[in-house]
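Asker: after the sequence you'll find the predicted model.
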Amino acid sequence: MTDDGSVACQDADGPIHLERLTRRGDFLRAARARVAKTRGLVLQAREREAEGAIRVGFTCSKKVGNAVARNRAKRRLREVARLDLPRSARPGWDYVLIGLRERTAMRDFADLRADLASALGRIHR
RNA sequence: GCGGAUGGCCGGGUGGCCGCGCGUCUCCCUUCGGGGGGGAUGCGAGGAAAGUCCGGACUCCAGAAAGCGACGGUGCCGGGUAACGCCCGGGCGGGGCAACCCGACGGAAAGCGCCACAGAGAACAGACCGCCGCCCCCGCGGGGGCGGCAAGGGUGAAACGGUGGAGUAAGAGCCCACCGGGGGGCCGGCAACGGUCCCCGCAUGGCAAGCCCCACCGGGAGCAAUGCCGCAUAGGGGGUCCGCGACGGGCGGCGCUUUCGCCCAGGGCCCCGGGUAGGCAGCUCGAGCCUGUCGGCGACGGCAGGCCCAGAUGAAUGGUCACCCCCCGGGGUUCGCGCCCCGGGGACAGGAUCCGGCUUACAGGUCGUCCGCGCAC
């Protein structure tokens, strides 16, 4: 992050398009594959195919809180994914980011990005 | 100034950087029906979007009207409204010095039921203590018997009108005045109701949020409604009953009846499956919002002008940083107000077919109006 607060953007190879998961079955399949838990979020992922689009989905259940709390957690997860996944994710994989009560919404944003990086490292191992 | 009552309004702001959804215009690519991408521009959550408690619009159950009976709801009167259980105005009752607030506020001589405990007696009342008269007994304090009474005490949520007087042996609406109550007339008011006059000595306590009675209202299900397309499949299969062309049968998902109307060559019942909530329409211009004006005490309505104001669907309106504003804590400085620095916090809460209400949640700010007290005049 730069001094003026603007967010560094990955643009070396141009924008990498992220597809969005919308089918319930995709979420269930990702949940049965690999899981990494951090303080601010939980990451689930599966290798769908060798090549192809990076797909990402977000889950914030009623456990996260009321509608406002769920929306806020989901928006922060979406922002984290937008900033870092194009650079760190692997082609052909599906990722699901899961929000946690209080922690996803309250955690410092830089720490949340670090959580995602750490989770990705463990998932890809 | 202090305390209180009440009605509105707002509910973070500005600026960087990076993003999102939808509409319109435009350009590019294309396996040109359509799909994908870029750019510009416009719009993009709430006062409660919430709870889903009422009332509607809309859609389907072919439809329409009426009656009876269930069932549910509403319940002082008048008005507003598309409608309401909402709102406004008024009445009555209760609370408060007051502003003002609160009220399931129809009917108890239609009927049934209930009134615990306490108490002598609790609904065609009743006599425990007590009061009074007469008689008897005794070591005159008192005790007993017969009768009269219901004022006082006591019980209770409630004791068969209340207060005062007259009256009496003591008493009692027995009588009188006032209050309360009942009946009738007149007056004011659309009405709820109020006022007043006459009569009645008082004759029927409470609970209707126990059943009930009366008046009025209500058909059911819901946008995952409903329609179209696509995919899948078997545009299903089996059993049984009635019927196969008529004065027969069926037709809103409470039942019955009547009238009109509609449908039928099949229909009713039971058993055995699969698939799925994919796309489009519904889907946002509406009992709409703003301004002015007129009518009305007001809720609200009329008229004129202007405006277009979310339409997502794993569900957009965000992420982050800085400054400002407010609050809290610590430190410095100052007699103190204040100022500066650091840290923390800024509510309740997110549309999902759309409106009108109600209810509940809510940091803080702001604008009125009114009342009481104190001070000044």
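Answerer: Yep, it's here.
Asker: CA atoms for contacts and neighbours, from now on please.
Answerer: Fine.
Asker: need the next SSE after the longest helix seen in chain A, C-terminal direction.
Answerer: Secondary structure of chain A read by DSSP state H shows that its longest helix is helix A:67-88. Next helix or strand after helix A:67-88 toward the C-terminus (DSSP states H and E): strand A:93-99.
Asker: please see if the longest helix of chain A touches RNA strand B.
Answerer: Yes: on the criterion Cα under 7 Å from any atom of the strand, helix A:67-88 is in touch with RNA strand B at A:Ala67, A:Val68, A:Asn71, A:Arg72, A:Arg75, A:Arg76, A:Glu79.
Asker: surely the fourth one is in contact with A:Met106?
Answerer: No: using Cα atoms under 8 Å, A:Arg72 is not in contact with A:Met106; the gap is 9.8 Å.
Asker: what residues are up against A:Val80?
Answerer: By Cα atoms under 8 Å, 6 or more residues apart in numbering, the residues touching A:Val80 are A:Leu112, A:Arg113, A:Leu116.
Asker: revised request: answer the last question for A:Glu47.
Answerer: A:Gly92, A:Trp93, A:Asp94 are the contacts of A:Glu47 under Cα under 8 Å, 6+ apart.
Asker: fine by me, thanks again.
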